[in-house]
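> Build me a model from this:
(chains A and B)
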Number of protein chains: 2
Amino acid sequence: MSLNKNHQINPKISTDCVIFGFDNEGLQVLLIERKPVSDREENNALPGDLIYDDEDLDDAAQRVLKELTGLSDIFLEQIGAFGSPDRLSKPEDKKWLESVRQYPDERVITIAYYSLVNKNLYKPQASSFAQSAVWVPVSEVTTLAFDHFEILKAALKQLRSKIKTQPVGFNLLPAQFVLSDLHKLYESILGRPLDKRNFRRKINKLGIVESLNKKQTGVPHKPSLIYKFNEENYQRLVEEGYDNFGF
Amino acid sequence: MSLNKNHQINPKISTDCVIFGFDNEGLQVLLIERKPVSDREENNALPGDLIYDDEDLDDAAQRVLKELTGLSDIFLEQIGAFGSPDRLSKPEDKKWLESVRQYPDERVITIAYYSLVNKNLYKPQASSFAQSAVWVPVSEVTTLAFDHFEILKAALKQLRSKIKTQPVGFNLLPAQFVLSDLHKLYESILGRPLDKRNFRRKINKLGIVESLNKKQTGVPHKPSLIYKFNEENYQRLVEEGYDNFGF
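Just a heads-up that it's a prediction; the model follows:
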């Protein structure tokens, strides 16, 4: 827990952050390892901590993320509140809480946030009670501390719902890309295969990518056309409130 | 505030409910009037109160809604947490809090919920600190106590986003209806006109309504075909995860 003499901890409210990172290896999530209380896998957790009593919820999420992982200036979107009365009651969680919190038996409601970033631009640095802070493939996560696995699933659901109604994700690709990169990005986020032909047809129809009229070189397959993102058309769609990005 | 000797109040967490009601007069919202602390319009508020410390958030929302308005068994969906440190600091709100709360200066974070119901099936009955509980047209609400107007806007945004990706709203119509009723329902929720022809084409294509092959009688205009909801096709779409209901 961060000790800051100028702020009083709110013992009943915490914040947790689900940071999704994308690169060519697929969708990952940023997890911290708590200082070990046992050898169990549940020592992995989302970065999260109690808020200060004079702190806005959004600010608390930014601060806690930075304190535990070093990541800052990330656009965080709220998922919602998770407040089951027994969410902190697993024995290994209780043991850990007793080692770090002043009131380990207090009921805590957490406000969860999520973001999707280009993983290659953020190098986590663990600090505070985090022993490590690492990117883990979402598909490999099956259990987490507290109710964090439930929060991760809710974040994934919200992210998947969002990419059906808003053009998101282009900041995750390099400035020049081939359409199969974009296709792979959408498949990674949705967690299911997407028909390639329908995907290409729809993306072209939206006008949010444009061909640079040049092809890949030095690839061990038939070279593909290189595209760039059409920022102007993208912004126009956002402003028009266009909301049909289902594939 | 409800006094229940078996439960301890959590002084830092509340819940507020945005109940939208639809009938032929358009989209309404259920508001309570607090026992007057002044003549100002801000005495209107969403039904809400502190949670108990041993209570699940969803249960708290159901209980508080019932205690203040008599409404029960409503499917409530969480909007999220609202927690600006100054959300309770308007002078007229402070005065009211001093009259009902044990710790009126405590910072309170609220977890907001919403629902959309057939207004004609729910007759609110005010009790506890609510002096009245009434349906008010959403379009006429311009100010509310605390940050409740902001919460109302967030609820409306979530409702509007939902009807673009899921088939909702049929429980708000009578068993037999004409397509203009359905069109009006969607326009009321979206708060904007929808092209009638596109709307009808899309609804027919989805197969979620079916004609009863009979027409209205005794209407002062050209009689319209009467439809019923096709529950089977609707469920199939939901199960298939169909998510393109934008009009």
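
> Is A:Y242 part of a helix or strand, or is it coil?
coil (DSSP: H, G, I helix; E, B strand; the rest coil).

> Enumerate every residue touching it.
With contacts defined as C-beta atoms under 8 Å, 6 or more residues apart in numbering or on different chains, A:Y242 is in contact with A:P167. Using the backbone N, CA and C atoms, a C-beta is placed for each residue, glycine as well.

> pLDDT on the lengthiest strand in chain A, on average?
Taking DSSP state E as the criterion, chain A has its longest strand at strand A:9-23. The average pLDDT for strand A:9-23 rounds to 96.

> Indicate each strand paired with that strand and its parallel or antiparallel sense.
strand A:26-34 (antiparallel), strand A:48-52 (antiparallel), strand A:109-118 (parallel) (DSSP bridges).

> number of nearby residues for the residue lying closest to A:D16 once chain neighbours are set aside?
Nearest residue to A:D16, sequence neighbours excluded (C-beta to C-beta, 6 or more residues apart in numbering or on different chains): A:G48, at 3.3 Å. Per other C-beta atoms under 10 Å in any protein chain shown, the neighbour tally for A:G48 reads 26.

> List the residues that contact A:G48.
A:S14, A:T15, A:D16, A:C17, A:V64, A:L68, A:T110, A:H148.

> residues touching the first one, list them.
A:S14 makes contact with A:G48, A:D49, A:L50, A:I51, A:V108, A:I109, A:T110, A:I111, according to C-beta under 8 Å, 6+ apart.

> Let's see that with 7 Å instead.
The contact partners of A:S14, by C-beta atoms under 7 Å, 6 or more residues apart in numbering or on different chains, come to A:G48, A:D49, A:L50, A:I51, A:V108, A:T110.

> most surrounded residue in these?
Going by other C-beta under 10 Å, A:I51 tops those with 28 neighbours.

> which residues sit in contact with it?
A:N10, A:I13, A:S14, A:T15, A:L57, A:A60.

> run the last query once more with 10 Å
Applying C-beta atoms under 10 Å, 6 or more residues apart in numbering or on different chains, we find A:I51 in contact with A:7, A:9-15, A:57, A:59-61, A:63-64, A:110-111, B:83, B:85, B:107, B:109.

> Give me the nearest residue to it, chain neighbours excluded.
Using C-beta to C-beta, 6+ apart, the closest residue to A:I51 is A:A60 (3.8 Å).

> what do you get for A:L57?
B:G83 is the one closest to A:L57 (C-beta to C-beta, 6+ apart), at 4.2 Å.

> Touching, the one you found and B:I111? I think so.
Yes: at 9.3 Å, B:G83 counts as touching B:I111 under the criterion of C-beta atoms under 10 Å.

> residues shared between the contacts of those two?
Counting by C-beta under 10 Å, 6+ apart, the shared contacts of B:G83 and B:I111 are A:A81, A:I111, B:I13.

> How is chain A partitioned into domains?
A:9-164, A:167-239 (automatic domain parsing).

> Deepest in the core, which of those domains is it.
Most buried of the domains of chain A by mean neighbour count (mean count of other C-beta atoms under 10 Å in any protein chain shown) is domain A:9-164; its value is a mean of 19.

> gap between that one and the chain center?
10 Å (C-alpha atoms, centre = their mean, to the nearest Å).

> for stretch A:158-176, same thing?
Here the centre of stretch A:158-176 is set off from its chain's centre by 12 Å, with C-alpha atoms, centre = their mean.

> Rebuild the strands paired with strand A:9-23 as TSV, extending it with mean pLDDT.
What follows is the strands paired with strand A:9-23, written out as TSV (pLDDT from 0 to 100):
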stretch	mean pLDDT
strand A:26-34	94
strand A:48-52	97
strand A:109-118	96
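
> Helix, strand, or coil at A:K153?
helix.

> Tell me the confidence at it?
We note a pLDDT of 97 for A:K153 in this prediction.

> show me where chain A has helices.
Using DSSP state H, the helices assigned to chain A run over residues A:57-69, A:91-100, A:148-165, A:179-190, A:196-206, A:231-239.

> I'd guessed A:Q235 sits against A:P167; true?
Yes: assessed by C-beta under 10 Å, A:Q235 is found in contact with A:P167 at 9.4 Å.

> Mutual contacts of those two, please.
Common contacts of A:Q235 and A:P167, defined by C-beta under 10 Å, 6+ apart, comprise A:I208.

> how about low-confidence regions in chain A?
A:1-5, A:36-42, A:243-244, A:246-247 (pLDDT under 70).

> Return the member of the contacts of A:S14 nearest to B:Q102.
The closest of those to B:Q102 turns out to be A:V108 (C-beta to C-beta; 21.1 Å).

> Quick check: nearest residue in space to the closest one, chain neighbours excluded?
A:S14 (5.1 Å).

> how far away is the one you found from A:L57?
Separation of A:S14 from A:L57 (C-beta to C-beta, to the nearest Å) stands at 10 Å.

> what residues are shared contacts of the two?
The contact sets of A:S14 and A:L57 overlap at A:I51, A:I111 (C-beta under 10 Å, 6+ apart).

> And chain B, is stretch A:134-153 touching that?
No: applying C-beta under 10 Å from any C-beta of the partner chain, one finds stretch A:134-153 out of contact with chain B, separated by at least 12.1 Å.

> ok, now stretch A:178-187?
No: if you take C-beta under 10 Å from any C-beta as the test, stretch A:178-187 misses chain B, and the best it gets is 14.1 Å.
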